[in-house]
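J.: What follows is a predicted protein model with its sequence.
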Amino acid sequence: MEIKLKKVDKIEGVIGVPADKSITHRAVMLSSLAEGDSVIENYLPSDDCIRTMEAFKQMGAEIMAEGDTLFVKGAGLKLQKPQKEIYAGNSGTTARILAGILAGQNFASVITGDESLSKRPMKRVIDPLSEMGAEIGSENGSLPLKIKGKVPLKAIKYESNKSTAQVKSAVMFAGLYADGAITYIEPVKSRDHTERMMRAFGAKVETSGNAVTIYPAEKLIANEVCISGDISSAAFFIAAALIVPDSELTIKNVGINPTRDGIIEVLKKMGAEITLKNVEDVSGEPVADIKVKYSKLKATDVDAGLIPRMIDEIPIFALIAAQAEGITRITGAKELRVKESDRITAIRTQFEKLGIEIEELEDGLIINGHPGYELCGAAVESFGDHRIAMTLAVASLIAGGEMIIKDADCVNISFPDFYERLKSVCR
Ligand code: S3P
């Protein structure tokens, strides 16, 4: 599908965004592995999360959707052997975390994925899980993964050279099936939704700085979870309100977990008028309403220390930086090259079409921002990457002439009704 979008006068209103993708994956996984009936309120019914739901249905969990609530009858920690391959689609989170769970089962299984996911690195999960005793077959460290589980897995201490919540979570889930406590250490703390939710389902998890220790579990206990809005989806609306003159927008019920809120911290530093209201705890995660006003922004630098806290927001952040006064340098973000697309090249090539001054680094981008500069409308590519498509859609709001986004329906990966919701706040 191709979509055509045009400049707007302003962004205004009060909206919500869909539920958090990371948290939905984890809620489905933990409730499927638990004993008893769990309820997941406000889940995200996007393509990626549906892959996780289908995987667990194949292995004995009963998952029923009613409106925006999921009712899950868990299969317990020992899953049933799936009758066929498990297809993770476009979802790195499904493939990688599931690898950790399958490593602890007493059967062999296979994980496959779509063209994009089949190019993404899996060695990062193969290494620790093999060290724990699972046998994982893979050509060139990519999908399909042929996993022969080991019962029990061996307890290890693993020091990762990357900050990645998917790998950390894979090892943590595998840790539930180990013969002793497992410690995982990462350079900068990545998102900690697994740590928080595992505890709520009865697992013993200890954290200290960037280290997490997980103890083997006999069982997990069913729970009720309510999922807040995804800050990574809210970021597109924060950006729209910040760069379209005269805008004012409130985004309700957004997760502001401190391992995910780097975008808010950086934007505030750049001079953004962003206020958090009604801060509360929902199912062990901090949540707030975010009020954003059009703001005059100044350039800043973003480096490796901050990247894990805003990894998925870099495409939209780059667009905001193009409207800030001065040069913004993003470094330490090499991981962007192995996301749903090579996001560094995707951003650079498509932003150039819009007239943005941008330079590609091996591990980031340099953007020369000009406040108020009207972008050029152009025919642009999403590369089938949801976050690139949404970034370009937000760019169209300040572009003269028509923006034509190819392969625009990839937004279904994380934000199925993105274009409708965006339209609802455009004036
Ligand atoms: C995710 C972790 C991050 C993030 C992805 C979701 C998760 O990936 O980019 O969108 O749910 O654990 P990495 O673990 O590769 O950093």
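T.: It's in. Numbers count the residues shown, from 1 in each chain.

J.: rest of the way, CA atoms for contacts and neighbours
T.: Will do.

J.: Flag every residue of the stretch 251-400 of the chain that's near the ligand.
T.: Counting by CA under 6 Å from any ligand atom, the residues of the stretch 251-400 of the chain close to the ligand are Ile311, Asp312.

J.: now the stretch 51-200 of the chain
T.: Counting by CA under 6 Å from any ligand atom, the residues of the stretch 51-200 of the chain that sit close to the ligand are Thr93, Thr164, Ala165, Gln166, Val167.

J.: rerun at 5 Å
T.: When proximity is defined as CA under 5 Å from any ligand atom, the stretch 51-200 of the chain approaches the ligand at Thr164, Ala165, Gln166.

J.: Next, the contact list for the first one, please.
T.: The reference is to Thr164. Contacts for Thr164 (CA atoms under 8 Å, 6 or more residues apart in numbering) come out as Glu186, Ser190, Arg191, Pro308.

J.: what about 6 Å?
T.: Ser190 (CA atoms under 6 Å, 6 or more residues apart in numbering).

J.: Check the burial of Met29 by counting its neighbours.
T.: Other residues near Met29 come to 22 when the count uses other CA atoms under 10 Å.

J.: For the stretch 251-400 of the chain, give me the ranges with low pLDDT.
T.: Counting by pLDDT under 70, the stretch 251-400 of the chain contains no low-confidence residues.

J.: picking up where we left off before, now, the residues of the stretch 51-200 of the chain next to the ligand that are in helices?
T.: Members of those lying in helices (criterion: DSSP state H): Ala165, Gln166.

J.: got JSON lines for the residues of the stretch 51-200 of the chain next to the ligand, with pLDDT too?
T.: Listed next are these as JSON lines, based on pLDDT from 0 to 100:
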{"residue": "Thr164", "pLDDT": "98"}
{"residue": "Ala165", "pLDDT": "98"}
{"residue": "Gln166", "pLDDT": "98"}
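
J.: list the contacts for His193?
T.: For His193, the contact set (CA under 6 Å, 6+ apart) is empty.

J.: and the helix or strand that contains Phe236, what does it pack onto?
T.: Phe236 is located in helix 231-243, with elements delineated by DSSP states H and E. Contacts defined by 3 or more CA pairs under 6 Å, 6 or more residues apart in numbering; DSSP states H and E place helix 231-243 against strand 248-255.

J.: Could you check the angle the strand it packs on makes with helix 231-243?
T.: 170 degrees (axes from the mean of the first three to the mean of the last three CA atoms, to 10 degrees).

J.: Which elements pack onto strand 248-255?
T.: strand 12-16, helix 231-243, strand 285-293.

J.: so His370 touches Glu325, yeah?
T.: Yes: using CA atoms under 6 Å, His370 is in contact with Glu325, at 5.4 Å.

J.: hang on, Leu336 is in a helix, isn't it?
T.: Yes: counting by DSSP: H, G, I helix; E, B strand; the rest coil, Leu336 is found in a helix.

J.: what's the closest non-adjacent residue to it?
T.: For Leu336, ignoring the flanking residues on the chain, the nearest one in space by CA to CA, 6 or more residues apart in numbering is Arg343 at 5.3 Å.

J.: Quick check: phi and psi at that neighbour.
T.: Here is the backbone geometry of Arg343 (degrees, to the nearest 10): phi -70, psi -20.

J.: Could you pull up the residues touching Asp179?
T.: For Asp179, the contact set (CA under 6 Å, 6+ apart) comprises Pro152, Lys154, Ala155.

J.: In strands, which of those residues fall?
T.: The members of the contacts of Asp179 all map outside strands under DSSP state E.

J.: where exactly do the strands run in the stretch 1-150 of the chain?
T.: Taking DSSP state E, counting those that start in this stretch as the criterion, the stretch 1-150 of the chain contains strands spanning 3-5, 12-16, 34-35, 37-41, 62-66, 69-73, 86-87, 108-112, 135-137, 145-148.

J.: Would you mind giving those strands as JSON lines with mean pLDDT and distance to Glu357 added?
T.: Shown next, in JSON lines, are the strands of the stretch 1-150 of the chain (pLDDT from 0 to 100; distance: least, CA to CA, whole Å):
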{"stretch": "strand 3-5", "mean pLDDT": "98", "distance to Glu357": "22"}
{"stretch": "strand 12-16", "mean pLDDT": "98", "distance to Glu357": "29"}
{"stretch": "strand 34-35", "mean pLDDT": "98", "distance to Glu357": "51"}
{"stretch": "strand 37-41", "mean pLDDT": "99", "distance to Glu357": "44"}
{"stretch": "strand 62-66", "mean pLDDT": "98", "distance to Glu357": "46"}
{"stretch": "strand 69-73", "mean pLDDT": "98", "distance to Glu357": "45"}
{"stretch": "strand 86-87", "mean pLDDT": "98", "distance to Glu357": "40"}
{"stretch": "strand 108-112", "mean pLDDT": "98", "distance to Glu357": "39"}
{"stretch": "strand 135-137", "mean pLDDT": "98", "distance to Glu357": "44"}
{"stretch": "strand 145-148", "mean pLDDT": "98", "distance to Glu357": "41"}
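
J.: wait, which of those is closest to Leu242?
T.: strand 12-16 (11.1 Å; CA to CA).

J.: roughly how far out does that closest one sit from the chain middle?
T.: 22 Å (CA atoms, centre = their mean, to the nearest Å).

J.: Same question for that strand: list its buried residues.
T.: Buried positions in strand 12-16, judged by neighbour count with 16 or more other CA atoms under 10 Å: Glu12, Ile15, Gly16.

J.: Including distance to Glu248, could the residues you listed go into TSV?
T.: As requested, the buried residues of strand 12-16 are exported to TSV (distance: CA to CA, whole Å):
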residue	distance to Glu248
Glu12	5
Ile15	11
Gly16	14
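
J.: From those, pick the one nearest the ligand.
T.: Closest to the ligand out of the buried residues of strand 12-16 is Gly16 (19.7 Å), distances taken as CA to the nearest ligand atom.

J.: unless I'm mixing things up, that closest one is touching Thr250, no?
T.: No: the criterion here is CA under 6 Å, and Gly16 misses it with Thr250 at 8.4 Å.

J.: quick one: which of the strands of the stretch 1-150 of the chain is nearest Ala27?
T.: Closest among these, once you apply CA to CA, is strand 37-41, at 7.0 Å.

J.: Can you give me the neighbour number for the residue nearest to Leu336?
T.: 25.

J.: Give me the distance between it and Leu145.
T.: As judged by CA to CA, to the nearest Å, Arg343 and Leu145 stand 24 Å apart.

J.: which residue does the stretch 301-427 of the chain bring closest to the ligand?
T.: For the stretch 301-427 of the chain, CA to the nearest ligand atom, closest residue to the ligand: Asp312, 5.2 Å.
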